[in-house]
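Student: what follows is a predicted structure for the sequence shown.
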Amino acid sequence: MKRSIADARRALEEDLIPSSSDHVAAKARSELAANEAKARKYADGYVGEGEAEILTMRDAALHALTETRDELDALTAQGREARIPTSEYAARLRELSQRRERAEDALGQCEALTDRLGQIEQDPTAWFDALTQRMPRLVMDWSW
């Protein structure tokens with residue numbers, strides 16, 4: 001029978017254990033533990049991929065911020081020496097400000113993803129059960 005891990009745990013505790021032999025209950029507990037381990041493994045893989053994505057995004061954002069800072073420093077020096085027209089200075093300053101905002105937004109996305117991965121790590125089986133609601137093909141088969 002297909003059901004979520006939470007439903008299987010509930011059925012085991014409320015229905016199967018009270019009405020079954022110790023041998024049947026032990027076998028069901030073993031099946032529950034094995035399926036919970038599968039769910040944790042799936043969640044661990046997802047978290048690992050997410051961590052790699054976060055590192056890539058973070059590195060790109062930090063690189064963009066560093067480049068933007070350096071270009072702002074150069075622009076400030078050019079403005080101080082009056083080597084560029086005011087309109088060009090203002091346009092370039094706007095462009096660099098927008099680039100900085102995009103990089104800071106990317107860092108904010110990294111933070112949000114990090115929080116989400118932390119929630120998954122706290123309760124991987126609950127995350128897996130929620131995932132099965134969106135992806136029914138992941139719902140596990142149970143012998144009871």
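Tutor: It's in.

Student: packing partners for the biggest helix by length in the chain?
Tutor: Scanning the chain for the longest helix, with DSSP state H as the assignment, gives helix 22-80. Counting contacts by 3 or more C-beta pairs under 8 Å, 6 or more residues apart in numbering; DSSP states H and E, helix 22-80 is packed against helix 5-11, helix 86-122, helix 124-134, strand 140-141. C-betas here are computed from N, CA, C, even on glycine.

Student: turn these into TSV, including distance to Ser20, mean pLDDT and mean neighbour count.
Tutor: Converted to TSV, the helices and strands packed on helix 22-80 look like this (distance: least, C-beta to C-beta, whole Å; pLDDT from 0 to 100; neighbours: other C-beta atoms under 10 Å):
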stretch	distance to Ser20	mean pLDDT	mean neighbour count
helix 5-11	11	97	17
helix 86-122	32	97	14
helix 124-134	23	97	17
strand 140-141	19	95	15
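
Student: Val47 is nearest to which of these?
Tutor: Closest to Val47 of the helices and strands packed on helix 22-80 is helix 86-122 (C-beta to C-beta; 5.1 Å).

Student: what distance separates that closest one from the centre of its chain?
Tutor: With C-alpha atoms, centre = their mean, to the nearest Å as the basis, helix 86-122 stands 17 Å off its chain's centre.

Student: before we move on, what about stretch 81-96?
Tutor: On C-alpha atoms, centre = their mean, the centre of stretch 81-96 falls 39 Å from the chain's centre.

Student: alpha carbons only: can I get that stretch in PDB?
Tutor: What follows is stretch 81-96 as a C-alpha-only set of coordinates in PDB (Å, rounded to 0.1, in the frame of the first residue of the first chain):
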ATOM      1  CA  GLU A  81      40.100  64.500 -11.100                       C
ATOM      2  CA  ALA A  82      37.300  65.700 -13.400                       C
ATOM      3  CA  ARG A  83      38.400  63.300 -16.200                       C
ATOM      4  CA  ILE A  84      34.800  62.300 -17.200                       C
ATOM      5  CA  PRO A  85      31.600  64.400 -17.900                       C
ATOM      6  CA  THR A  86      29.100  64.600 -15.100                       C
ATOM      7  CA  SER A  87      26.400  62.800 -17.200                       C
ATOM      8  CA  GLU A  88      28.700  59.900 -17.800                       C
ATOM      9  CA  TYR A  89      29.700  59.800 -14.200                       C
ATOM     10  CA  ALA A  90      26.000  59.700 -13.100                       C
ATOM     11  CA  ALA A  91      25.200  57.000 -15.600                       C
ATOM     12  CA  ARG A  92      28.100  54.800 -14.600                       C
ATOM     13  CA  LEU A  93      27.300  55.300 -10.900                       C
ATOM     14  CA  ARG A  94      23.700  54.200 -11.500                       C
ATOM     15  CA  GLU A  95      24.900  51.100 -13.400                       C
ATOM     16  CA  LEU A  96      27.300  50.200 -10.600                       C
END
